[in-house]
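Undergrad: What follows is a predicted structure for the sequence shown.
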Amino acid sequence: MNAFLSVLGRDLRLACRDGAGAWMVLGFFAVGVAVFPLGIGPEPQVLARVAPGVLWAMALLSAMLSFDALFEDDFRDGSLEPMLTGALAPETLVLAKALSHWLVTGLPLCLAAPLLGFLLHLPHAAMPVLFVSLLLGTPALSLLGTLGAALALGARRATVLLALMVLPLAAPVLIFGAGAVDLAVAGLAPGSPLLILGGMALALLAVCPVAAAAALRQAVE
Amino acid sequence: MEPARFVALCGRVLPFAVALAVAMLAAGLLFSLALSPADYQQGESVRIMYVHVPAAWMALFVYALVAVLGGVGLAFGHALAFHAARAAAPLGAAFALLCLVSGSLWGKPMWGAWWVWDARLTSMLLLFFLYLGQIALSGAFDRQARGDRAAAVLALVGCVNLPVVKFSVDWWHTLHQPASVFKFGGPSIDPSMLLPLLLMAGAFKAVFFALWLIRTRTAVAASRVAAARLAGGAR
């Protein structure tokens, strides 16, 4: 637990001191969402109809951009190898990395999404559902991205490769996340997709650290 | 099995595998194109099914095979399992693409559109993308061994995820589109169509097996060349 907290604290401190990373992801999210009305047109009904999908797809893409740095810096400066050979189990290291990634990029995305929802004329009643669906879905994305980053560590063109690998795997998260918001927009109860979203996050919490730890061991071999 | 023994065995099995594939494919095509009836509703275009459905089966089967081979490779460290997995993945992607293209050609006369976001089409598209990620990952490293192992982990995770993808796409489809327009359903398949379908399914398996043997042998040879180059460069 101590080791877990120290890795988490270290990553959060690094993220704070080089705040650009989190802000850039947030900026990409905002710019990306703002591009859609420019392409689709300003009609409020049309924007409200596509808003859940646009917000969720952009959250997915924004998260995707931030994964490649997850292990890359530690891998390059050589600090990943002692971390893996030390007292800390690789699975715990992966969990700490995923949590710090979520705190630095996932949580800001959740908080920013309702604001951008206003820009897209998302009905106010759907805002809490948008927030909750992202709150449940972004940890799942962080876990999947951690796995992808561990697999692509040291690869050529790792960022594109990561997106190519993780996007199909993340499709269920997108479907249920945007689906829950869609139901809320239509005035229906979004309970079941939210529950499934939570279930998927828990399942990924069980699978991803183990698989990512295996990938990390291969990377430093 | 040692790669060297595999190459020797492959040389003996391959002529029979190729002969079987050619014979099965000839018989399957004969039955599906000439000796089976046209559908009373769909007319001649139903014959696309004899390519489309076996391709879909093969795309799923090969993905499972790649995952199993990857698991065997990771668990026992067999180089041959990795070679075989690397050889199989592009074939699986080709089957998935064949399924998508033939489905699209079938969809135009039947549904009036080249592409509809039908649940089955969408999950096959995602499977195709999973294949692309798989192939890209296994080729993305300077050390092939690293690519093999990473791709094996990805295949195992993808295999666990595949039912979830399937389920979520079904759910998404029922949410977004009423499932009334695109129901195949109807009466179950007639024996006069089942026989050519099964023949074609067997033919696809045989073709895959022959190509897989050839590709695995090539992968073994390529890895030897790479090792020899490396040794030569070190000297």
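TA: Noted; the coordinates are in hand. As the structure is a prediction and not an experimental result, all values here were calculated from the model.

Undergrad: Output the contacting helices and strands for the worst-scoring helix or strand of chain B on mean pLDDT.
TA: Across the helices and strands of chain B, mean pLDDT, DSSP states H and E gives its lowest value to helix B:144-176, namely a mean of 85. Counting contacts by 3 or more Cβ pairs under 8 Å, 6 or more residues apart in numbering or on different chains; DSSP states H and E, helix B:144-176 packs against helix A:127-151, helix A:158-185, helix A:191-220, helix B:49-76, helix B:79-111, helix B:119-138. (Each C-beta comes from the backbone N, C-alpha and C, glycine too.)

Undergrad: Return the residues of chain A in contact with chain B.
TA: Contact residues (Cβ under 8 Å from any Cβ of the partner chain) of chain A with chain B: A:147, A:151-152, A:154-158, A:161, A:164-169, A:171-172, A:175-176, A:179, A:182-183, A:193, A:200, A:203, A:207-208, A:211, A:214-215, A:218-219, A:221.

Undergrad: And the buried ones among those residues, selectable in PyMOL?
TA: To isolate the buried ones among the residues of chain A next to chain B in PyMOL, judged by 16 or more other Cβ atoms under 10 Å in any protein chain shown, type:
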select buried, chain A and resi 147+151+152+154+155+158+161+164+165+166+167+168+169+171+172+175+176+179+182+183+193+200+207+208+211+214+215+218+219
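
Undergrad: B:Leu137 and B:Arg149 touch, don't they?
TA: No - here B:Leu137 does not reach B:Arg149: they are 10.2 Å apart, not a contact under Cβ atoms under 8 Å.

Undergrad: so what's the nearest residue to A:Ala214 once chain neighbours are set aside up against?
TA: Residue nearest to A:Ala214 in three dimensions, not counting chain neighbours: B:Val153, with 5.5 Å by Cβ to Cβ, 6 or more residues apart in numbering or on different chains. Residues counted as contacts of B:Val153 (Cβ atoms under 8 Å, 6 or more residues apart in numbering or on different chains) are A:Leu151, A:Ala211, A:Ala214, A:Ala215, A:Gln218, B:Gly70, B:Leu74.

Undergrad: again, only this time at 6 Å
TA: A:Ala211, A:Ala214, A:Ala215 (Cβ atoms under 6 Å, 6 or more residues apart in numbering or on different chains).

Undergrad: Turn these into JSON lines, including pLDDT and distance to B:Leu60.
TA: Shown next, in JSON lines, are these (pLDDT from 0 to 100; distance: Cβ to Cβ, whole Å):
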{"residue": "A:Ala211", "pLDDT": "92", "distance to B:Leu60": "21"}
{"residue": "A:Ala214", "pLDDT": "90", "distance to B:Leu60": "25"}
{"residue": "A:Ala215", "pLDDT": "90", "distance to B:Leu60": "25"}
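
Undergrad: Could you give the number of residues near the residue nearest to B:Ala119 when sequence neighbours are not counted?
TA: Among residues not flanking B:Ala119 along the chain, B:His173 sits closest, at 3.7 Å (Cβ to Cβ, 6+ apart). The local packing of B:His173 (other Cβ atoms under 10 Å in any protein chain shown) involves 20 other residues.

Undergrad: Is it correct that B:His173 is in contact with B:Arg120?
TA: No - the pair B:His173 / B:Arg120 is not scored as a contact, 8.8 Å apart, by Cβ atoms under 6 Å.

Undergrad: picking up where we left off before, want to throw the contacts of B:Val153 into JSON lines with distance to B:Arg215?
TA: Below are these laid out as JSON lines (distance: Cβ to Cβ, whole Å):
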{"residue": "A:Ala211", "distance to B:Arg215": "27"}
{"residue": "A:Ala214", "distance to B:Arg215": "26"}
{"residue": "A:Ala215", "distance to B:Arg215": "25"}
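
Undergrad: Give me the neighbour count for residue 144.
TA: Reading this off chain A. A:Leu144 is flanked by 29 other residues according to other Cβ under 10 Å.

Undergrad: Let me rephrase: I mean chain B.
TA: B:Gln144 is flanked by 19 other residues according to other Cβ under 10 Å.

Undergrad: One more: the one 10 residues further on?
TA: When neighbours are defined as other Cβ under 10 Å, B:Leu154 has 29 of them.

Undergrad: Now do it against B:Asp142, distance only.
TA: For B:Leu154, the distance to B:Asp142 equals 18 Å [Cβ to Cβ, to the nearest Å].

Undergrad: which residue sits closest to A:Val166, ignoring its sequence neighbours?
TA: Distance criterion Cβ to Cβ, 6+ apart; nearest residue to A:Val166, sequence neighbours excluded, is A:Gly148 at 4.1 Å.

Undergrad: Would you mind measuring from the one you found to A:Leu194?
TA: Going from A:Gly148 to A:Leu194 by Cβ to Cβ gives 25 Å.

Undergrad: In terms of neighbours, single out the busier of these two.
TA: Neighbour comparison, A:Gly148 and A:Leu194: the larger count goes to A:Gly148, with 31 against 23 (by other Cβ under 10 Å).

Undergrad: Kind regards, and thank you for your time.
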